[in-house]
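> I would like the atomic coordinates for the input below:
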Amino acid sequence: MLRSGKFSEHYGKRIPTLPADGMGDSELFGILEGYRKVEEKLWKTSKASGCVYSGDDTHVARCNRAVNMFSLTNPLHPDVFPMIRKMEAEVVSMTVDLLGGDAKQGVCGTMTSGGTESILLAMKSYREQAKARGIHAPEMYAAYQLIQFCHAVLIRRSFGCL
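Coordinates of the predicted model:
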């Protein structure tokens, strides 16, 4: 749908500038509900990998409840939001354990927002690990046929763009 170049035709009125007057709740949530319906239809009927891992209504409601409880927190301020730091540390610890790692041997991790950030940080970690081993010009390989499926950040990073 987006490739057709008729974004507004498919997805409603475009709002290119900040309105002079704020919207009322009914207008705002009417627009957002329309957006939600369009997107839900797209992901529930597609076969996109890595897009939505579970669309089960009970699971979605549980996730929404958790997000609602912590939506205004900021992990950059653990002095104000110590439970966010605690939960992140526990997720990292659980992941280390699931993958058979040992924190006593220096296995560690971090939380990211996903997508591009995760890939960039992983590549940076590999680069730094290579430097520590005396490799100062690390190389990245991908099968020629798979290049078209590589995340754009891998291609940009491999050319030193990031």
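
> starting at the chain centroid, how far to the host helix or strand of Lys41?
For Lys41, the host element (DSSP states H and E) is helix 25-45. Using C-alpha atoms, centre = their mean, to the nearest Å, the mean C-alpha position of helix 25-45 is found 20 Å from that of the whole chain.

> List the buried residues for the following helix or strand past that helix?
Downstream of helix 25-45, the first helix or strand assigned by DSSP H and E is helix 57-70. Judged by neighbour count (16 or more other C-beta atoms under 10 Å), helix 57-70 contains no buried residues. For the C-beta atoms, the positions are set from N, CA and C on the backbone; glycine is no exception.

> and if you look at stretch 133-144?
So, applying 16+ other C-beta under 10 Å, stretch 133-144 has no buried residues.

> I'd like the distance from that stretch to the chain centre, please.
25 Å.

> So what's the residue count around Glu88?
15 (other C-beta atoms under 10 Å).

> Residue ranges in the protein under the pLDDT threshold?
1-11, 46-50, 142-162 (pLDDT under 70).

> what sits against the residue nearest the centre of it?
The residue lying closest to the centre of the chain (C-alpha atoms, centre = their mean) is Gly114, at 2.9 Å. Not one residue lies near Gly114 by C-beta atoms under 8 Å, 6 or more residues apart in numbering.

> For Val91, which non-adjacent residue is spatially closest?
In this structure, Val91 finds its nearest non-sequential neighbour in Met111, 6.5 Å apart by C-beta to C-beta, 6 or more residues apart in numbering.

> Quick check: the one you found vs Glu88, distance?
As judged by C-beta to C-beta, to the nearest Å, Met111 and Glu88 stand 5 Å apart.

> Please enumerate the shared neighbours of the two.
Pro75.

> can you list the domain ranges for this protein.
Domain segmentation of the chain under automatic domain parsing yields 2-70, 82-137.
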